[in-house]
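Peer 1: just the structure for this:
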Amino acid sequence: MLAQPRLYRIGSASNNNIIVRHDSVSETHAEIFVDQYGNAFLTDLHSGKPTMVNGESVYQPVHLSPGEKITVGRGILIDWEKMIFNRKQPVSQPAAPLPVQEPKPLADVPIKRPSKAIKQTVSTATQQVGFIAKNLDLILIYGGILLMWLIITLQTG
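Peer 2: Next up is the predicted model:
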């Protein structure tokens with residue numbers, strides 16, 4: 001039998017499921033979605049403050065594996081496995097892998113962290129889009145002039 005999907009919000013506000021009272025934690029900082037198969041996905045809620053998994057910043061939803069360490073704000077550790085699944089792994093032993101039925105991947109939820117090359121490509125594309133947006137008026141003016149020149153040239157032969 002499949003479980004009901006659940007959503008756990010993390011933040012400093014009292015309406016969150018996991019409350020972290022610290023000035024480096026946003027009111028709504030992050031959330032963990034657990035699907036019907038028991039797979040957990042962490043999403044930073046654009047808090048502007050760090051959300052990390054095993055020391056890596058989270059910029060988009062990531063799949064959580066047993067034993068992974070989540071920190072928010074200034075390195076505040078969240079014991080997500082205990083809070084969500086009521087399990088705690090001994091410190092001296094690595095987390096045992098859980099048998100998990102693989103669901104069909106959701107189209108808009110990537111389950112891998114982006115590589116440095118992808119981050120670089122996204123950063124370059126973002127810079128290019130920013131340049132175009134800042135200079136759109138000039139691009140349109142020069143494009144119009146070029147179009148008029150082409151029309152005049154074609155009509156006058």
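Peer 1: Leu77 pairs with what?
Peer 2: In this structure, Leu77 has the following beta-bridge partners (DSSP bridges): Thr71.
Peer 1: tell me, what residue is most central in this protein?
Peer 2: Gln60 (1.2 Å; Cα atoms, centre = their mean).
Peer 1: helix, strand, or coil at that one?
Peer 2: Assigned by DSSP: H, G, I helix; E, B strand; the rest coil, the conformation of Gln60 is coil.
Peer 1: once you drop chain neighbours, what's closest to Thr51?
Peer 2: In space, and not counting its chain neighbours, Thr51 is closest to Asp44: 4.0 Å by Cβ to Cβ, 6 or more residues apart in numbering. Every C-beta, even on glycine, is put in place using the N, C-alpha and C of the backbone.
Peer 1: strands of the protein, residue ranges please.
Peer 2: Taking DSSP state E to define them, one finds strands in the chain at 6-11, 18-19, 30-34, 40-44, 51-53, 56-57, 62-64, 70-72, 76-78.
Peer 1: I'd like the ones you listed as JSON lines, with mean pLDDT appended.
Peer 2: Supplementary listing: the strands of the chain in JSON lines, determined by pLDDT from 0 to 100:
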{"stretch": "strand 6-11", "mean pLDDT": "93"}
{"stretch": "strand 18-19", "mean pLDDT": "91"}
{"stretch": "strand 30-34", "mean pLDDT": "94"}
{"stretch": "strand 40-44", "mean pLDDT": "94"}
{"stretch": "strand 51-53", "mean pLDDT": "94"}
{"stretch": "strand 56-57", "mean pLDDT": "92"}
{"stretch": "strand 62-64", "mean pLDDT": "94"}
{"stretch": "strand 70-72", "mean pLDDT": "93"}
{"stretch": "strand 76-78", "mean pLDDT": "91"}
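Peer 1: out of those strands, nearest to Leu140?
Peer 2: strand 40-44 (36.4 Å; Cβ to Cβ).
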